[in-house]
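Asks: Sequence unavailable; structure follows:
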């Protein structure tokens, strides 16, 4: 800890961001945090973080600011709102946005920050709250290679793998593709296990067979177990995927990609939310088929 | 080889059945084969199999008859057609149908054979031609436990795992669920990689990331590689999945199951066949999105 470390800011201390900021502290980084609800920062402050009262102050205290918030609008507000990060971070500073947001908006943020001499990486993650707690996330990054090299010690504190996918937005495109595949696979698991059940064969047993065969997937393992057991305790609440599928749909519209399977699962997630089941685990998707 | 072995018949010597009959010979079973095209049996005869001129003679020469043919009608013809297996096999004999066919038809065959004192297992497989060659198939069996116990030495000659799913038809229901999930997952991989490509990110690189993340699956590994490389050499020709999806659709209709994702991929497979691309690898599914 005697060596000189990057000063890291962290904004967004929920079920993903909270554990990540904790890993940074554990790796010896000086960490400054901001949370809309001050109690979200209390544990981190006890572990050595400095809490400040707005994103601008996070920027002023940091060389690199990580953001892990919900949506595109949240990122814009944190970066460019009144007292935003952009008004506090020095030229030469770096933003690492770990949120899952719109790729096109990310490119716009990159251009606006570049005019202030600030670089940004889009660095969305896969692995969920469990991967965040364990520090084993997979990161898909877009942006300048030099910025990624500068961010590496920070990303390495909470990830198992970092992939550089291309220029600004390429990380978000990759995440959109990932979420699309995850959700269509989940739709397949739901349809398959619902069919087994209706046809009189135990869905748990069918899942076990499929895990040993060509149809095997992590989604079958993780969400299929909960679907077969009808355990809808989150986990990852279904409502979070509505936003992701909206990003996928907008990205596809811009580039003229067809999403017939994606549209099926988007309609089913919408049904869940209408039925008031958005806070249950994604496994609840199977109920849309019953 | 001095010990007494079951005499095994094998009907259907294509890219799946041929290697399986070969494994039986290699394990020391006396094997009798029948093929509509006699040259399909030539290699097996050279390896020690006896070729006969109709399914009835296969039945007459065997304790257990394995069938590995294409469709429900083919199985019916082989078992109950003129000179069919049912007219040759002694009471107490056993049929092991490795084909992927309609679960309801399987139950009908079981009833008809039972009236002659013959048992049948529905024992469809997963693993494809490669699994058949390596003798590492996964088998999902339906039928009486005693029949499965009797068939075990035979199944063990070419499979890595055997699951008993329930009564007659339960193996075929499991296979239908498996094919449904495999194909919806393939649709997801196709949509995801097509989106990556149109959005300007290398689909091969996106596949590599997704293999390390929650969206990972065997289908992404196997078919995603060919989709990203645009290698449509079979492999497993896309047309074979039309039959499977028809079985899934009929099974779902009978039990009142919803298949919105299954219907998407069924429509896309139909498009491929209309476009004359049914003999290409299932990876060609990605072209329906372009």
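Replies: Yes, it's here. This one's a predicted model, so the numbers in the text were calculated from it and none came from an experiment. Numbers count the residues shown, from 1 in each chain, chains lettered A, B, ... in the order given.

Asks: Does residue A:182 touch residue B:215 like I think?
Replies: Yes: the pair formed by residue A:182 and residue B:215 meets the contact definition of C-beta atoms under 8 Å, at 4.2 Å. For glycine as for every other residue, the C-beta is placed from the backbone atoms N, C-alpha and C.

Asks: Quick check: neighbours shared by the two?
Replies: residue A:219 (C-beta atoms under 8 Å, 6 or more residues apart in numbering or on different chains).

Asks: okay, and for chain A, where does confidence drop off?
Replies: Chain A contains residues with pLDDT under 70 at A:1-4.

Asks: Domains of it: list them as residue ranges, please.
Replies: If you go by automatic domain parsing, the domain ranges for chain A are A:3-167, A:173-289.

Asks: From one end of the last one to the other, what's the distance?
Replies: The separation between the terminal residues of domain A:173-289, taken as C-alpha to C-alpha, to the nearest Å, is 30 Å.

Asks: Surely residue A:165 forms part of a strand?
Replies: Yes: membership of residue A:165 in a strand is supported by DSSP: H, G, I helix; E, B strand; the rest coil.

Asks: Going by residue numbers, what spans are helices in chain A?
Replies: A:17-26, A:42-46, A:55-60, A:72-80, A:103-114, A:128-134, A:145-156, A:170-198, A:203-211, A:218-229, A:240-255, A:260-274 (DSSP state H).

Asks: Among these, show me which one is buried the most.
Replies: Looking across those with neighbours counted as mean count of other C-beta atoms under 10 Å in any protein chain shown, the highest average goes to helix A:170-198: a mean of 29.

Asks: Quick check: residues of the stretch 1-150 of chain A near chain B?
Replies: A:103, A:126, A:127, A:128, A:138, A:140 (C-beta under 8 Å from any C-beta of the partner chain).

Asks: ok, the residues you listed vs chain B, which is closest?
Replies: Nearest to chain B among these is residue A:126, at 3.6 Å by C-beta to the nearest C-beta.

Asks: returning to that earlier point: tabulate the domains of chain A (TSV), appending distance to residue B:39.
Replies: Formatted as TSV, the domains of chain A follow (distance: least, C-beta to C-beta, whole Å):
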stretch	distance to residue B:39
domain A:3-167	50
domain A:173-289	30
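
Asks: Could you measure from residue A:87 over to chain B?
Replies: Per C-beta to the nearest C-beta, to the nearest Å, residue A:87 is found 32 Å from chain B.

Asks: Quick check: that residue vs residue A:55, distance?
Replies: 9 Å (C-beta to C-beta, to the nearest Å).

Asks: do residue A:268 as well
Replies: 36 Å.

Asks: for residue A:281, same thing?
Replies: 32 Å.

Asks: And residue A:136, by the same measure?
Replies: Distance of residue A:136 to residue A:55, given as C-beta to C-beta: 28 Å.

Asks: how about the domains of chain A, which one is nearest residue B:168?
Replies: The closest of these to residue B:168 is domain A:173-289. By C-beta to C-beta, the value is 11.5 Å.

Asks: quick check, distance from that closest one to the centre of its chain.
Replies: 17 Å (C-alpha atoms, centre = their mean, to the nearest Å).

Asks: List the residues that contact residue A:121.
Replies: A:94, A:95, A:96, A:97, A:141, A:142, A:143, A:144, A:147, A:148, A:151, A:171.

Asks: The nearest residue to residue A:208 once chain neighbours are set aside - how many residues pack around it?
Replies: In space, and not counting its chain neighbours, residue A:208 is closest to residue B:163: 7.2 Å by C-beta to C-beta, 6 or more residues apart in numbering or on different chains. If you count neighbours by other C-beta atoms under 10 Å in any protein chain shown, residue B:163 ends up with 21.

Asks: Can you verify my assumption that residue B:163 contacts residue A:205?
Replies: Yes: if you go by C-beta under 8 Å, residue B:163 and residue A:205 touch, sitting 7.2 Å apart.

Asks: Determine the residues that are contacts of both of the two.
Replies: In contact with both residue B:163 and residue A:205: residue B:174, using C-beta under 8 Å, 6+ apart.

Asks: check contacts around the residue of chain A most remote from its centre.
Replies: Most distant from the centre of chain A: residue A:200, at 37.8 Å, with distances by C-alpha atoms, centre = their mean. Counting by C-beta under 8 Å, 6+ apart, residue A:200 touches B:166, B:170, B:173, B:255.

Asks: which ones are touching the closest residue to the last one other than its chain neighbours?
Replies: With sequence-adjacent residues excluded and distances taken as C-beta to C-beta, 6+ apart, residue B:255 is closest to residue A:198, at 4.0 Å. When the contact criterion is C-beta under 8 Å, 6+ apart, the partners of residue A:198 are B:252, B:255, B:256, B:257.

Asks: Can you give me the distance of the closest residue in space to residue A:47 that isn't next to it in sequence to residue A:134?
Replies: Take residue A:47 and drop its neighbours on the chain: the residue closest to it by C-beta to C-beta, 6+ apart is residue A:25, 5.1 Å away. Residue A:25 is 16 Å from residue A:134, where distance means C-beta to C-beta.

Asks: cool, residue A:5 as well?
Replies: From residue A:5 over to residue A:134 (counting by C-beta to C-beta), the distance is 22 Å.

Asks: And residue A:249, by the same measure?
Replies: 31 Å.

Asks: same question, residue A:32
Replies: Distance from residue A:32 to residue A:134, by C-beta to C-beta: 24 Å.

Asks: go on, residue A:141?
Replies: On the measure of C-beta to C-beta, residue A:141 and residue A:134 end up 20 Å apart.
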